[in-house]
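**Q** sequence first, then the predicted structure, then my questions.
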Amino acid sequence: MPAAILADGLVKSFGDVHALRGVSFEVPTGTVLGVLGPNGAGKTTAVRILTTLLRADAGRAEVLGIDVAKSPATVRASIGLAGQNAAVDENLTGRENLQLVGRLTHMPRAAIATRTDELLERFALADADTRLVRHYSGGMRRRLDLAAALVHRPPVLFLDEPTTGLDPQARRAVWEVIRTLKSEGRSVMLTTHYLEEAEELADKVAIMDKGKIITSGTPNEIIARYGNVERDSLEDVFVKLVGKEVGAKAE
């Protein structure tokens, strides 16, 4: 069985800026990969390539064994994406946003109605389903954005810093959703600035900096490789490898 997500030697530059310098990793089916790194490390560029929004200069990217450059439409039908900023229409209601995604993904009308009701309930948005999204809180918008990524039941999900800016309660609500998705057998690539988030949710972690994967493995494997399991935390190792706190901007 092919990996749910595969990056093999991805290279991408924007003029003199080398965003990715030969990035390779894979996400086995039914697992969560947490990708950590400071701003500018290349995390979002990798996500954009794997979700067909950007072409790599070199290397290979696959989702479910399908080449994203050769068959982008097929890949899009199999993935869900929740980016750093909630991609919902503020001038529509929560219900209308989910229905729009259903139509764009060519779902039958009856299935759209049923799925919309299910997701509004699941993400605790049923009481606000007819409210314009411009009146939603930040946490509600993030939950709606995540719900929108799930409308067509994709087996593979890309979550690019899905909890940035949320309060602790809203963040943990999103964590519960991700745990449920994993229990359902979905495969997830999760980029995050929060080490606790990666430790809580990810089967394996990859640390990126300056367009490269520095190391990867379970948190304990990474700590044992670069520090002391009894004394050091993943954050201690991160600072040692990257030279800055999580979330600090790259030079």
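**A** Perfect, I can see it now.

**Q** in the stretch 101-250 of the chain, what residue spans correspond to helices?
**A** For the stretch 101-250 of the chain, the helices defined by DSSP state H, counting those that start in this stretch cover 109-122, 138-150, 168-183, 195-201, 219-226, 234-242.

**Q** Thr45: which of those is closest?
**A** helix 234-242 (17.1 Å; CB to CB). Where C-beta positions appear, they are placed from N, C-alpha and C, glycine not excepted.

**Q** helices or strands up against that closest one?
**A** Packing partners of helix 234-242 (3 or more CB pairs under 8 Å, 6 or more residues apart in numbering; DSSP states H and E): helix 195-201, strand 204-209, strand 212-217, helix 219-226.

**Q** does Met107 touch His152 like I think?
**A** Yes. Judged on CB atoms under 8 Å, Met107 makes contact with His152 at a distance of 6.1 Å.

**Q** remind me which residues of the stretch 1-150 of the chain are low pLDDT?
**A** 85-86 (pLDDT under 70).

**Q** let's have the helices of the stretch 101-250 of the chain in CSV, adding mean neighbour count.
**A** As requested, these are exported to CSV (neighbours: other CB atoms under 10 Å):
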stretch, mean neighbour count
helix 109-122, 16
helix 138-150, 22
helix 168-183, 15
helix 195-201, 19
helix 219-226, 16
helix 234-242, 18
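
**Q** now the helices and strands packed on helix 234-242 in TSV, with mean pLDDT and distance to Gly30?
**A** Below are these laid out as TSV (pLDDT from 0 to 100; distance: least, CB to CB, whole Å):
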stretch	mean pLDDT	distance to Gly30
helix 195-201	89	14
strand 204-209	95	13
strand 212-217	95	18
helix 219-226	88	19
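
**Q** quick one, which of these is nearest to Ile5?
**A** With CB to CB as the yardstick, what comes closest out of the helices and strands packed on helix 234-242 is strand 204-209 (11.5 Å).
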